[in-house]
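# the sequence isn't on hand, but the structure is:
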């Protein structure tokens, strides 16, 4: 566990370098939020890592520009992009989405085009892997559970006291992790095929 006053790309670069020095040889796919510079930090240390930007974060960032009366229709149309069966179909849906909404909400549309390379990574994989990597919600859920513990304490006299509380919170949350990831055996097999060359070099 690491503690810092704020999250930044520099902070993550330090963590990634430490992980590498401690024996992490490769990261196949990284699911990330929209922190500026995070992708660059990952690529600097693990250049072959594929980046999947969180679709849920992208949806939130897009809808914050949208008037409430348009929200339902806007989100329905946006769903045709990330629910598309292929990247080609997703790009066609994005074009239709842009034609319909770009005049009214250009910033919301622009972010899809700007981030497309990292938003579209999951389209190359089967549904089981897509479900695993398309969002950072699992870690967001964990973070939320930890924050519930830390918020109630106010200030901490030392970093060590904070670390101890986070550790205890993590141990408590992990008690609920009693089931394997759905279709995990299938996912492992699929990853073994997609990344056969990279994985074989570490076996």
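Arrived safely. Note that the structure is a prediction, hence the values are computed from the model and not measured. Numbering: from 1, shown residues only.
# hey, where'd the strands end up in the protein?
In chain order, the chain shows strands spanning 29-32, 50-53, with DSSP state E as the criterion.
# what's the domain layout of the protein?
Taking automatic domain parsing as the domain assignment, the ranges for the chain are 8-53, 55-115, 134-149+162-173.
# gap between the two ends of the longest one?
Okay, so that is domain 55-115. 11 Å (CA to CA, to the nearest Å).
# repeat for stretch 34-47
Terminal residues of stretch 34-47 are spaced 19 Å apart (CA to CA).
# now do the buried residues in that stretch.
By neighbour count on 16 or more other CB atoms under 10 Å, the buried set for stretch 34-47 is 34, 38, 39, 41, 42, 45, 46. No exception for glycine: its C-beta is placed from N, CA and C like everyone else's.
# going by distance to residue 54, which of those wins?
The shortest gap between residue 54 and any of the buried residues of stretch 34-47 belongs to residue 34, at 7.4 Å (CB to CB).
# and the closest residue to the closest one other than its chain neighbours, how many neighbours does it have?
Leaving aside its chain neighbours, residue 34 sits nearest to residue 57 (5.4 Å; criterion: CB to CB, 6 or more residues apart in numbering). Other residues lying near residue 57 total 19 when counted by other CB atoms under 10 Å.
# rewinding a little: any idea which of the buried residues of stretch 34-47 is least confident?
Summarising pLDDT for those: the lowest-scoring member is residue 34, with 87.
# point to the helix or strand of the chain where mean pLDDT is at its lowest.
Taking all helices and strands of the chain together, the one with the lowest average confidence (mean pLDDT, DSSP states H and E) is helix 137-151, at a mean of 85.
# can you give me the helices for this structure?
9-21, 38-45, 55-63, 68-82, 87-101, 106-114, 116-119, 127-133, 137-151, 159-174, 184-194, 196-200 (DSSP state H).
# in a markdown table, list these along with distance to residue 28.
Listed next are the helices of the chain as a markdown table, based on distance: least, CB to CB, whole Å:
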| stretch | distance to residue 28 |
| --- | --- |
| helix 9-21 | 14 |
| helix 38-45 | 12 |
| helix 55-63 | 19 |
| helix 68-82 | 21 |
| helix 87-101 | 19 |
| helix 106-114 | 25 |
| helix 116-119 | 15 |
| helix 127-133 | 10 |
| helix 137-151 | 17 |
| helix 159-174 | 23 |
| helix 184-194 | 7 |
| helix 196-200 | 7 |
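# which of those sits closest to residue 3?
Evaluated with CB to CB, the helices of the chain place helix 159-174 nearest to residue 3, the distance being 5.2 Å.
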